[in-house]
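Q: sequence first, then the predicted structure, then my questions.
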Amino acid sequence: MAAGKTKVSRSKRAGLVFPVGRIGRLVKKGTALKRVSANAPVYVAAVTEYIMAEILELAVDSAKARRRNRVTTRDIRLALSNDNELSAFVGSATVPSAGVNPGIHNFLLPLKKSKA
């Protein structure tokens, strides 16, 4: 390396917060692939960072709606369940210590009396 040049991480070069190098290492280690493109970990890190930003934005809105100053796992669960696209993406994933979705099942409600 030439004198006077400093090392810049791939995350910083890509303008990301998520660690590109770590994701690249884990992709190589966790798959049966022998070779991984240099752009693959950057793309995975960018997509993961974007999805997390969306979830956190919705969780902050949920916390504000509940008049809370701190985002909790409950806020994350409510944000995931209230957004149609994220709900379809996440599916039936469990958020630990987040409780259950609010609502009462119809079969638990009292039967309506019919006017005879």
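A: Yes, it's here. None of these values were measured; they are calculated from a predicted model.
Q: now residue 23: how far from residue 42?
A: Distance, residue 23 to residue 42, by C-beta to C-beta, to the nearest Å: 8 Å. (C-beta placed from N, C-alpha, C; glycine too.)
Q: give me the residue at the spatial middle of the protein.
A: Per C-alpha atoms, centre = their mean, the C-alpha nearest to the average position across the chain is that of residue 52, at 3.9 Å.
Q: against residue 114, how distant is that one?
A: Counting by C-beta to C-beta, the gap from residue 52 to residue 114 is 51 Å.
Q: again with residue 96
A: 44 Å.
Q: what's the answer for residue 104, then?
A: Applying C-beta to C-beta to residue 104 and residue 114 gives a distance of 21 Å.
Q: try residue 54
A: 46 Å.
Q: settle it for me: which of the two has more neighbours?
A: A count of neighbours by other C-beta atoms under 10 Å puts residue 54 above the other of residue 54 and residue 114, at 15 against 5.
Q: so the more buried one versus residue 90, what's the distance?
A: 11 Å.
Q: flag the shaky bits of the protein, pLDDT-wise.
A: 1-2, 116 (pLDDT under 70).
Q: can you show me the helices along it?
A: Using DSSP state H, the helices of the chain run over 10-14, 20-30, 40-65, 73-82, 84-90.
Q: got CSV for those, with distance to residue 100 too?
A: Below are these laid out as CSV (distance: least, C-beta to C-beta, whole Å):
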stretch, distance to residue 100
helix 10-14, 37
helix 20-30, 32
helix 40-65, 15
helix 73-82, 8
helix 84-90, 14
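Q: nice, that's everything, thank you.
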